[in-house]
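> Here you go, sequence then predicted model.
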Amino acid sequence: MLLVGALILAASTFLLTWRGGSAPLARLGYRAMLLGALASWILMRVGAEWTASKEGLTDANLSWLDIGSTTADGGLVLIIVATVLAGLEARRGSGAAGSGAALGRASAVLVSLLIVAYLVSVWAMTTKPA
Amino acid sequence: VYDSLLLLHVIAAFAVVATVVIFTAFALGWTADARLLRVGNALWAVGGLGTLALGIWPAIYVDGYEIWDGWIIGAIVVWAVATELGRRAQVGYTEAVTHTERGAATAERQATGMHWLRSLAVLALLVMMTYKPGA
């Protein structure tokens, strides 16, 4: 939940920056990714492994568990890429036509994709399709 | 139907936590952007109403749960407390981002206190929903 919350904060800042170009918002987006999303991804992954081990699901072949693991692990790559892009945007400045603007827009797209992927995970984990 | 209700209930809970994360950015002084505040408020409106409505419905219709179960009543009370704390935080931050006078600083300090209390209430809510004490 914290991970998705941090991603929603980051996506909001990137989308608002996309429309208006704001250096403070660009910095906030970078912080949300670095201190929010990355840190809570680690917390989520450790918690997931611990729960799987406790429930004896470590070697289970369940589609809902596979969907969760795939989006979680694949999501880390996107989180790292989006964080690096957001960091570069924050450094270069994010005027609407500045060099950082394209980086911020790329971050916005990546983070939006991540939110959709994690919502699919929530669906799989909640409804547990066969 | 139960799976769909549960899914929407959980998604609403994600929106509630997203509100807490956004307000934390204000509490830490990382932003004072009025548009972001509106995003946070909208998420609480959707998530708050969603968690309540989509939580009460299964409690009435699903066997094994009753609306008068202690943990469900407790959760509704904590939800109401969190909503009121959030309203006060919302009012304080709205005042702080729209005014620059000295009074705005006081409003921001009070809003920050309300935000941290709401965060604790949301955490308590999640613990109750997960462990269902007394069920």
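Sure thing, it's come through.
> Tell me which helix or strand the closest residue to chain A within chain B sits in.
Across chain B, the shortest distance to chain A (C-beta to the nearest C-beta) belongs to B:V21, at 3.4 Å. Backbone N, C-alpha and C define where each C-beta goes, glycine included. Assessed by DSSP states H and E, B:V21 sits inside helix B:2-27.
> for A:S40, same thing?
helix A:39-54.
> Any regions of the chain where pLDDT drops low?
Because you didn't say which chain, this covers chain A. A:93-100, A:130 (pLDDT under 70).
> my bad, the chain I had in mind was chain B
B:100-103.
> ok, which residues in it are in contact with chain A?
For chain B, the residues in contact with chain A (C-beta under 8 Å from any C-beta of the partner chain) are B:3-4, B:6-7, B:10-11, B:13-14, B:17-22, B:25, B:30-31, B:33, B:35-36, B:39, B:43, B:126.
> Please pick the buried ones from the residues you listed.
B:6-7, B:10-11, B:13-14, B:17-22, B:25, B:30-31, B:33, B:35-36, B:39, B:43, B:126 (16 or more other C-beta atoms under 10 Å in any protein chain shown).
> So the residue of chain A most remote from its centre, which state does it fall into?
Distance from the C-alpha centroid of chain A peaks at A:G56, with 27.8 Å (C-alpha atoms, centre = their mean). The three-state label given to A:G56 by DSSP: H, G, I helix; E, B strand; the rest coil is coil.
> cool, and A:S12?
Classified using three-state DSSP, A:S12 is helix.
> B:S119 now?
Per three-state DSSP, B:S119 ends up helix.
> before we move on, back to that, list the helices and strands whichever helix or strand comes after the helix holding A:S40 packs on?
Next in sequence after helix A:39-54, counting helices and strands by DSSP H and E, comes helix A:63-92. Here helix A:63-92 touches helix A:2-20, helix A:23-31, helix A:39-54, helix A:99-127, going by 3 or more C-beta pairs under 8 Å, 6 or more residues apart in numbering or on different chains; DSSP states H and E.
> Nearest spatial neighbour of A:L113, chain-adjacent residues omitted?
Closest residue to A:L113 apart from its sequence neighbours, by C-beta to C-beta, 6 or more residues apart in numbering or on different chains: A:L78 at 6.7 Å.
> ok so, going back, show me what the helix holding A:S40 is in contact with.
For helix A:39-54, the surrounding residues in contact (C-beta atoms under 8 Å, 6 or more residues apart in numbering or on different chains) are A:2-3, A:5-6, A:57-58, A:60, A:65, A:68-69, A:72, A:75-76, A:79.
> pull the CA atoms of that helix into CSV?
Taking C-alpha atoms only, helix A:39-54 is exported to CSV below (Å, rounded to 0.1, in the frame of the first residue of the first chain):
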residue,chain,number,x,y,z
ALA,A,39,12.2,2.0,0.3
SER,A,40,8.6,0.6,0.3
TRP,A,41,9.4,-1.8,-2.5
ILE,A,42,12.1,-3.4,-0.3
LEU,A,43,9.6,-3.5,2.6
MET,A,44,6.9,-5.1,0.4
ARG,A,45,9.3,-7.7,-1.0
VAL,A,46,10.7,-8.7,2.4
GLY,A,47,7.1,-8.9,3.8
ALA,A,48,6.0,-11.0,0.8
GLU,A,49,8.8,-13.5,1.2
TRP,A,50,8.2,-13.8,4.9
THR,A,51,4.5,-14.4,4.5
ALA,A,52,5.1,-16.9,1.7
SER,A,53,7.6,-18.8,3.9
LYS,A,54,5.2,-18.7,6.9
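> Report the inter-axis angle for it versus helix B:2-27.
140 degrees (axes from the mean of the first three to the mean of the last three C-alpha atoms, to 10 degrees).
> buried stuff in helix A:39-54?
For helix A:39-54, by 16+ other C-beta under 10 Å, it's A:40-41, A:44-45, A:48, A:52.
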